[in-house]
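In: what would the 3D arrangement of this be:
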Amino acid sequence: MMNKEEYKKHVSKTCPKTKELRTMILAFLVGGTICMIGEGFNDLYTEVIPTFNSIQVSQLVTITMIFLGSLFTALGLYDKLGRHAGAGSIIPITGFANSVVSPAVEFNREGLFYGIMSNMFVVAGPVIVSGVAWSVIVGIIYFIIGAV
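Out: Predicted coordinates for the structure are as follows:
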């Protein structure tokens, strides 16, 4: 039986070595590029639709980025990007779209209800539930503190 030190040595010998600097640079570049694309859409929509205020433009950019993340996931491109970019590909909006569409694409052959609809929120569902639950808890705390 191994002790902790022997186990650490064994793990360090057998684990694949990662190129951390390369991985961090790629994540930074890809994540930054996704954000720049979003900012580009923001500037484009601001110029093309001058009657929209900043909130409406932000909503349109969000919709566009969700659509693009979903489209690239459905085409199999987002997974390829994720293999090379790592954490840089999980920018909140496009990463969330990927986490919803990925299981839907995977279980597509099982049909609309038992495949797509029942598996669409397998990954994203716990995130949504946790977000709603914590926002309620924080809202209650804020209400109590604000009432004092």
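
In: where is the longest helix in the protein?
Out: helix 20-48 (DSSP state H).

In: give me the distance from it to the chain's centre.
Out: 14 Å (Cα atoms, centre = their mean, to the nearest Å).

In: where in this structure is pLDDT low?
Out: In the predicted model of the chain, residues 107-121, 123-124, 147-148 satisfy pLDDT under 70.

In: tell me where it has helices.
Out: 4-14, 20-48, 54-74, 77-85, 92-106, 118-119, 124-147.

In: most tightly packed of these?
Out: Highest mean neighbour count among these (mean count of other Cβ atoms under 10 Å): helix 92-106, with a mean of 19. C-beta coordinates here come from the backbone N, C-alpha and C atoms, glycine included.

In: how about the residue nearest the centre of the chain, what does it touch?
Out: Residue closest to the average C-alpha location in the chain (Cα atoms, centre = their mean): Gly95, at 2.0 Å. Gly95 makes contacts with 69, 89, as judged by Cβ atoms under 8 Å, 6 or more residues apart in numbering.

In: distance of it from Ala104?
Out: Remark: distance between Gly95 and Ala104 (Cβ to Cβ, to the nearest Å) = 15 Å.

In: one more: Lys19?
Out: 33 Å.

In: please apply the same query to Ile90.
Out: Distance from Ile90 to Ala104, by Cβ to Cβ: 18 Å.

In: check Asn98 too.
Out: Counting by Cβ to Cβ, the gap from Asn98 to Ala104 is 11 Å.

In: on that earlier part again, list the helices and strands the longest helix of the chain packs on?
Out: Helix 20-48 sits against helix 54-74, helix 77-85, with contacts defined as 3 or more Cβ pairs under 8 Å, 6 or more residues apart in numbering; DSSP states H and E.

In: from the chain's centroid, how far away is the last one?
Out: Remark: helix 77-85 is offset 12 Å from the chain centroid, using Cα atoms, centre = their mean.
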